[in-house]
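> Quick one: sequence plus predicted model below, questions after.
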Amino acid sequence: MNRDPLASGVTTDLLDVLIVGAGWSGMYMLHRCRELGLRARVLEAAPSVGGAWYWNRYPGLRCDVESYEYSYSFDQSLQREWVWSERFPSQPEILAYANHVADRYDLRRDIEFEARVNAACFRDDECVWEVTASRIGTRRARFLVMATGALSIPKKTDIPGLDDFGGTLIHTADWPSEPVDFTGKRVGVIGTGSTGVQVIPVIAETARQLHVFQRTPSYSVPAHNRPLTEEDRTRTLERYDEIRHIQRTSAIGTLAKPVAKSAFDLDDAARRELYDAKYGKGLAFELMVAFEDMLINEEANRTAQEYLASRIRERVKDPAVADILIPKEQFVGTRRICLDTGYYETYNRDNVTLKDVVRDPIRRITREGVELASGHIDLDTLVLATGFDAMTGALLAMDIRGTGGVRLRERWSQGPRSLLGLAIHGFPNLFTITGPGSPAVFSNMFVSIEQHVEWIADCLAFMQQHGHSRIEAGEAAQEAWVGHVSEVANATLFPRDKHSWYLGANVPGKPRVFMPYVAGVGVYREYCTNVAKQGYPGFEFA
Ligand code: NAP
C-alpha cells in the first residue's frame, strides 16, 4: 500500500481516520490517532489551524474562560511551557497558542488546508467513508471524525435587502485579516450577544457614530481582565493538577461551583454580598451557578436577574437607555453570561446610540444604511454580530450519507438525534466531537473536547484490540439518550428560554430541539467512561 496518498497524488488510498476540522478537536484527535499508530489526516477549510479562533478575529475578541483553564491538559510539558500573558486571553494570543501546538506536535504535515468538505458517503460494501472536499477531491478512510465545531457556521441573516448595502459589510465570524479602520465612519452593529458585547466598545472608540441595533439584550459582567504576573503563573502551576481535576468533575468545565443549595439559604444582604464578590472579580460562571437551584428555580434565578439589572442601571447614565439594555423575562445563565470590557459604559458616549429593534423594527437594509420603522440611518460600515447556526450547522452544511445512502439532513429533519453526542445511528464509523446531545457549548469547550477525543481514541483502540472494523450507535440506545437529554433539560429553566440558539430558535425553520446535555460535564464524563468500561453497551460492533 502506498504510505502517503498525498505525496503520490493517489487519492484512492485508504486512510485509517479522516478528521474534518483543524481546531482544538481536530488537532488533538490527529495527535491521539498517531499515538495509536493509525494513519490519520485532517481536512480543514481555512488556510491554517485554529478553527473558530482563526475565522473570528474581530477587535475585542477574548475568551470568556481564564487562559490557564482554556488550554490543553493532555501533556504536562505543554501546559507548563506555554506562558499566557493575560487573565482572559485575546484572539491573537489564542491563535498563537493553536499555531504553537500545531508546530510542537508537527501536526501540519497531516493537515490539508483550504479543503472544505462538501460531502461524505459511507460505502457499505467496503465499510469505508468517501469524503469529497474543495480543491483536493476525494479521500477515503475507515473512520470519519467530525471535528467541525459547535459554533462554526454563521447564521444566514434574514434581514431583507442585505445584498443592497453599498458600504462595507462584515460578519464578525468572517472578519478580514487586515485591520478594519472605523475612524471617522458611521458604523452600525446588529447583534448584542457575546460577540456584539465585545466588539461594540472597541468600534465606539474610533467611529464617528456608532448605532447599535439590539433585538435581545444580554446579561454581562465586567471581565476585570489584567496582565498575569509571574506570581499568578507560579500559583497556577503549583496546583494545575487539582485545577484540571476540578474542571473535569465540575458542572461546566471551570472552577465554578455552587456555594449553597438554594439562593434562599442566604438572606438578601448575604446574597448581594456574594453576587458583588463574583461580579467584582469577573467571575461570570461562578455567578451563573452560584446556587444549585439557580438554573432550576425561577425565583432563585430572579434574584440574579434583579442583581444584574441593578448593575446595568448603575453603569448606564441615561435611565431610558439602561432600561432598553436590561433583559426582560430572560433567565440568568440559560444563555452564557457575557464578559465585557466597558460594554455598558459605551452607551454613555456621545457618539453611540442604541436602537431597540423590537419597538422600532428594521424594515430593510438599503444601499445607504438601515431603514427602521422610525426612519433611515445612513451608514458607511455595517457589522453583523448575528450569531451561528449552532451545533448542527456545520454537520448539515455537508451532504453526509450513511448506510443505504440515507442523508443526515433527512435523519435530522425533526432535530438532531445522537448517542452521547458522539455517534449517530445509520452512520457507522462516524464520530462527532462536541455534537448535539453532549455538554459542548454549555461548558468550557476545552474540557469537553479533550474528553470526547480521548473517548473516541479509546474506542478505536478497543476496536483494534478486538478486531472490530465497524461501530454504529444502536437505535434504541440513541433514542433513550435523546429522551434523557431532553428530560434533564426539561427539569431546568433552559427550554423556557424560547428564543435561545441552544434550542435552534435563532435560525428560521430550524427544528426547536434543546441540543446541549446540561447535567454537567462531570456527570457526563462518568456516564461515557462507564459505557467504555462496560464494553460499549448501546453500540453495535462488527
Ligand atoms: P448570539 O449569542 O446568537 O447573538 C447574536 C445576536 O444577534 C443576538 O443579539 C440576536 O438577537 C441578534 N440577531 C440575530 N439576528 C438578528 C436580526 N435579524 N435582527 C436583529 N438582531 C439579530 O451570537 P454570538 O454573540 O456570536 O455568540 C454566540 C456564542 O459564541 C456565545 O454564546 C458564546 O458561546 C460564543 N462566543 C464566546 C465568546 C467568548 O468566549 N467570549 C465570544 C463570542 C462568542 P436575538 O437573540 O433576538 O436573536
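The structure has been received and is ready for your questions.
> For burial, what's the neighbour tally of residue 90?
17 (other Cβ atoms under 10 Å). Bear in mind the C-beta positions are built from the backbone N, C-alpha and C, glycine included.
> Give the bridge partners for it, please.
Counting by DSSP bridges, residue 90 is bridged to residue 62.
> Mind naming the longest helix for the chain?
helix 445-466 (DSSP state H).
> near the ligand, anything from that one?
No: judged by Cβ under 6 Å from any ligand atom, helix 445-466 and the ligand are separated, with a smallest distance of 8.4 Å.
> next helix or strand past that helix?
On the C-terminal side of helix 445-466, the nearest following helix or strand under DSSP states H and E is strand 471-473.
> who touches that following strand?
Among residues not part of strand 471-473, those counted as contacts by Cβ atoms under 8 Å, 6 or more residues apart in numbering are 403, 418-419, 422-429, 459, 463, 536, 538-541.
> residue ranges of the helices in the stretch 401-542 of the chain, please?
With DSSP state H, counting those that start in this stretch as the criterion, the stretch 401-542 of the chain has helices at 408-411, 445-466, 475-490, 521-533.
> how many neighbours does the spatially closest residue to residue 476 that is not a sequence neighbour have?
Leaving out its chain neighbours, the residue that sits closest to residue 476 by Cβ to Cβ, 6 or more residues apart in numbering is residue 538, at 7.8 Å. Neighbourhood size, residue 538 [other Cβ under 10 Å]: 17.
> related to what we said a few turns ago, now render the helices of the stretch 401-542 of the chain as CSV, adding mean neighbour count and mean pLDDT.
As requested, the helices of the stretch 401-542 of the chain are exported to CSV (neighbours: other Cβ atoms under 10 Å; pLDDT from 0 to 100):
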stretch, mean neighbour count, mean pLDDT
helix 408-411, 16, 98
helix 445-466, 20, 98
helix 475-490, 16, 98
helix 521-533, 17, 98
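> Pull out the buried positions in whichever strand or helix holds residue 302.
Assigned by DSSP H and E, residue 302 belongs to helix 298-315. Buried residues in helix 298-315, counted by 16 or more other Cβ atoms under 10 Å: 300, 301, 303, 304, 305, 307, 308, 309, 311, 312, 315.
> In the helix or strand where residue 141 lies, which residues are buried?
Using DSSP H and E, residue 141 falls within strand 137-146. Using 16+ other Cβ under 10 Å as the test for burial, strand 137-146 gives 139, 140, 141, 142, 143, 144, 145, 146.
> Show me the strands paired with that strand, marking each as parallel or antiparallel.
strand 14-20 (parallel), strand 128-133 (antiparallel), strand 430-432 (parallel).
> Let me see the mean pLDDT of that strand.
The average pLDDT within strand 137-146 is 98.
> do whichever helix or strand comes after it and the ligand meet at all?
Counting by DSSP H and E, the next helix or strand C-terminal to strand 137-146 is strand 168-171. No: using Cβ under 6 Å from any ligand atom, strand 168-171 stays clear of the ligand, with a minimum separation of 9.7 Å.
> and the very next helix or strand once past strand 168-171, how far out from the chain's middle?
Using DSSP H and E, the helix or strand that follows strand 168-171 towards the C-terminus is strand 186-190. Mean-position distance between strand 186-190 and its chain equals 25 Å (Cα atoms, centre = their mean, to the nearest Å).
> Tell me the residues of the stretch 101-250 of the chain that contact the ligand?
With Cβ under 6 Å from any ligand atom as the criterion, the stretch 101-250 of the chain comes near the ligand at residues 151, 157-159, 190-196, 198, 213, 215-216.
> In space, what's closest to residue 506 - neighbours in sequence excluded?
residue 387 (5.6 Å).
> what's around that neighbour, how many residues?
Residue 387 has 21 nearby residues by other Cβ under 10 Å.
> Any idea what residue 41 is bridged to?
With DSSP bridges as the rule, residue 41 is bridged to residue 18.
> quick one, domains of the chain?
With domains defined by automatic domain parsing, the chain comprises 14-153+390-536, 190-384.
> deepest of the ones you listed, which one?
Highest mean neighbour count of these: domain 14-153+390-536, a mean of 19 (counted as mean count of other Cβ atoms under 10 Å).
> what about that domain, how long is it end to end?
In domain 14-153+390-536, first residue to last residue: 26 Å (Cα to Cα, to the nearest Å).
> re the thing from before, local confidence estimate at the residue nearest to residue 476?
Value for residue 538, per-residue pLDDT: 98.
> go on, residue 4?
For residue 4, the predicted pLDDT is 36.
> Now for the closest residue to the ligand within the stretch 151-300 of the chain: which residues touch it?
As assessed by Cβ to the nearest ligand atom, the ligand sits closest to residue 193 within the stretch 151-300 of the chain, at 2.3 Å. Listed by Cβ under 8 Å, 6+ apart, the contact set of residue 193 reads 216, 218, 335, 338, 385, 387.
> The stretch 301-450 of the chain against the ligand: which residues are in contact?
336, 339, 357, 385, 386, 387, 388, 441.
> Just the closest of these to residue 24, please.
The shortest approach to residue 24 among these belongs to residue 441, at 13.7 Å (Cβ to Cβ).
> Now the nearest residue to the closest one once chain neighbours are set aside. Its backbone dihedrals?
Nearest residue to residue 441, sequence neighbours excluded (Cβ to Cβ, 6+ apart): residue 150, at 5.0 Å. Main-chain dihedrals, residue 150, degrees, to the nearest 10: phi -90, psi -20.
> now the one 5 residues further on
Dihedral angles of residue 155 (phi, psi; degrees, to the nearest 10) stand at phi -70, psi 140.
> Confirm for me that it is in contact with residue 392.
No: applying Cβ atoms under 8 Å, one finds residue 155 not in contact with residue 392, separated by 11.9 Å.
> Now do the contacts for the closest residue to residue 118 other than its chain neighbours.
Leaving aside its chain neighbours, residue 118 sits nearest to residue 132 (5.4 Å; criterion: Cβ to Cβ, 6+ apart). For residue 132, the contact set (Cβ under 8 Å, 6+ apart) comprises 117, 118, 119, 120, 138.
> for residue 279, same thing?
By Cβ under 8 Å, 6+ apart, residue 279 lies in contact with 221, 222, 287, 307, 308, 311.
> separation between it and residue 314?
11 Å (Cβ to Cβ, to the nearest Å).
> So which of the contacts of residue 132 is the closest to residue 203?
residue 117 (33.9 Å).
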